[in-house]
Each structure stands twice: as structure tokens, then as C-alpha cells.
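Colleague: Need the 3D shape of this:
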Amino acid sequence: MEKRVAIVAIIVENRKSIETLNAILHDYAEYIIGRMGLPYRERGISIISIAMDAPQDVINALSGKIGNLEGICSKTVYSDFCGKE
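Modeller: Numbers count the residues shown, from 1 in each chain. Predicted structure coming up:
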């Protein structure tokens, strides 16, 4: 299956969902290239970006699971690069 490169942008507004979010990300660790988290204390939120290299259905599954968490929103951006050399 063809792999895609994508960035999943996540904003956490409900800290109670962080443990579940981290468990989900752990389940997809083999596809995660890198992760950056920024606490935005003034607003009481966290901003997380996840870089992935995975089949599109895997990326969609991760994004869907994250999007179903209470107080967390996410958007995914895909590269046009689809593993072509």
C-alpha cells in the first residue's frame, strides 16, 4: 500500500483527554516520524503536531480517533509526495 507523509495538528482544550490521546499516539508509534508539543499556558491549551509516514488509511484512522476525543480537535495535512522518487 502506498505511504503518505502527513502532519496531524492537534489542539487540546480538555486536559482530561490527554492520557487517552497519548495512548492512541503510542499505538501508532511505528508510523510517527516526530512529535512536537507546545503548552500555551496563557490560554490553558496544548498544541501538538505529529509528523507521519504511513498508508493513508492508517493516517485517517489515527486522525478519526483523535477527533472523537472530548475537548480535542485535529486537522490533517497531506503531502503531495506519495513516496515517489
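Colleague: separation between Gly44 and Gly71?
Modeller: 11 Å (CB to CB, to the nearest Å). The C-beta positions use only the backbone N, C-alpha and C, and glycine is treated the same way.
Colleague: Who has more neighbours out of the two?
Modeller: Set Gly44 next to Gly71 and count neighbours by other CB atoms under 10 Å: Gly71 wins out with 14 against 10.
Colleague: Quick check on the more buried one: phi, psi?
Modeller: Dihedral angles of Gly71 (phi, psi; degrees, to the nearest 10) stand at phi 80, psi 20.
Colleague: residues in contact with it?
Modeller: Counting by CB atoms under 8 Å, 6 or more residues apart in numbering, Gly71 touches 12-17.
Colleague: Looking at those residues, which are in strands?
Modeller: Counted as lying in strands by DSSP state E, out of the contacts of Gly71, are Val12.
Colleague: Tell me the one among the contacts of Gly71 nearest to Gly67.
Modeller: Gly67 lies nearest to Ser17 out of the contacts of Gly71, by CB to CB, at 11.4 Å.
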